[in-house]
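Student: The following block contains a protein sequence and its predicted model.
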Amino acid sequence: MDSLPLYPGVPPPHLVGIARLASQAEYVDSGHQVEFFSLPVRSILNRCESRRNLPFTWTINPYRGCEFACKYCYARYTHDFMEIRDPDEFEHKIFVKEEAAWLLRRDLKKVKKGEEIAIGTATDPYQPAERRHRVTRSLLEELSRHRGLEIGIVTKSTLVLRDIDVLKRVSEQNAIGVHITVTTIHCELARITEPRAPRPDLRLEAVRKLNDAGIPTGIICAPVLPGITDKPSDLEALVKMAAEAGATNIFANPLFLKPCSRAVFLPFVRERFPELGARYEQMYGERDFASDVYRKHLSALMGKFKKKYGIGAPGPRGPLRETVQMPSDEQLQLF
């Protein structure tokens, strides 16, 4: 096995933690300018210790990296922990976690009643890699053998429809909710900001099909991009479409940029939306989060539209709540 294609010139003893594990990753295959590596990991279920009031206790990320290549993706810097410093490699080098279902079976005994498990906090569990590697499905198959769990899945992909059968089995003895991310109703805009993700209309149709199948499914409108996707009429149209699709809930969070993501997103804005370049430099040039004023404005808008179209807050079968905040750097090292 060639164990050093990721780190030319770097001797393995100089790598530690997840970077050392990544140095042992075996090349699997490639396609669409993406390389896949089989990654040995010590655990698939990771506890979140945070003072940010995260709505879940445990996280599962079947992959490292994501093929959807969303320009705003906050999780790009998770590759930094493997000493892969080019932020673009997040979408070109995908790591497939080995023996995920076995690791989950071993570790589920740690989960106490009422502790929620979130699948897909730092990678999309239904990105194209899942079609061939089926790690997410293997995890759901394992979860279907247990009872009393609370599980949330976040994805942009319509591939989740493939797993309606196993999602139903999981739901027979557990509480499970799916959230599908839709950041804009405009397909052309989505193709610019989320180049390889499914069209937004297809995602909305997936929301309808999942709810029709008895799988509680809501919508995450996040991130909301100032000046790009935050036009009130567009947000209202999305809430209306969410209601028509039978979404159990919808919530929105403004753009969140860590430095590694900022290095990709701000040049993208200057190139594709030059009239917004100065605004983004002012809002995000030296900070990760939008201002309190902007967050309150967005929250008020969404609250008005949700009330108008009758979409409420997530209930007990929709584990991911509206207070979702991003994990800390320390937590993401575990993913």
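Tutor: Yep, that arrived. Residues are numbered from 1 along each chain as shown.
Student: What are the contacting residues of the helix ranked longest in the chain?
Tutor: Using DSSP state H, we find that the single longest helix of the chain is helix 292-309. Helix 292-309 is contacted from outside by 221, 224, 226, 230, 232, 235-236, 239-240, 242-243, 250-254, 283, 289, 312, using C-beta atoms under 8 Å, 6 or more residues apart in numbering. Any C-beta I mention is one placed from the backbone N, CA and C, and that applies to glycine too.
Student: Which of those fall in helices?
Tutor: Short answer: these in helices (DSSP H) are P232, L235, E236, V239, K240, A242, A243, M283.
Student: Tell me how far the second one lies from Q127.
Tutor: Using C-beta to C-beta, to the nearest Å, we find L235 at a distance of 26 Å from Q127.
Student: So for those two, which residue has more residues nearby?
Tutor: Neighbour count, other C-beta atoms under 10 Å: between L235 and Q127, Q127 has more, with 27 against 22.
Student: name the element that one belongs to?
Tutor: Assigned by DSSP states H and E, Q127 falls within no helix or strand.
Student: Quick check: chain neighbours aside, which residue is closest to it?
Tutor: Leaving out its chain neighbours, the residue that sits closest to Q127 by C-beta to C-beta, 6 or more residues apart in numbering is E67, at 4.7 Å.
Student: contacting residues for that neighbour?
Tutor: H32, V34, E91, I94, D124, Q127, P128, A129, R196.
Student: how many neighbours does the second one have?
Tutor: Which is V34. 18.
Student: Thought F90 was touching it, still the case?
Tutor: No - with contact defined as C-beta atoms under 8 Å, V34 does not count as touching F90 (10.8 Å).
Student: what residues do those two have in common as contacts?
Tutor: By C-beta under 8 Å, 6+ apart, no residue touches both V34 and F90.
Student: Which of the contacts of E67 fall within strands?
Tutor: V34, I94 (DSSP state E).
Student: Which of the contacts of E67 are buried, as a PyMOL select command?
Tutor: To isolate the buried ones among the contacts of E67 in PyMOL, judged by 16 or more other C-beta atoms under 10 Å, type:
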select buried, resi 34+91+94+124+127+128+129+196
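Student: Pick out the most distant pair among the contacts of E67.
Tutor: H32 and D124 (15.1 Å; C-beta to C-beta).
Student: thinking again about what came up before, just give me how far the longest helix of the chain sits from the chain centre.
Tutor: Relative to its chain's centre, helix 292-309 lies at 22 Å (C-alpha atoms, centre = their mean, to the nearest Å).
Student: One more: stretch 149-167?
Tutor: 12 Å.
Student: go on, stretch 183-199?
Tutor: For stretch 183-199, the distance to the chain centre is 15 Å (C-alpha atoms, centre = their mean).
Student: How about stretch 282-289?
Tutor: On the basis of C-alpha atoms, centre = their mean, stretch 282-289 sits 22 Å off its chain's mean C-alpha point.
Student: From A129, how far off is P40?
Tutor: Taking C-beta to C-beta, one finds P40 at 17 Å from A129.
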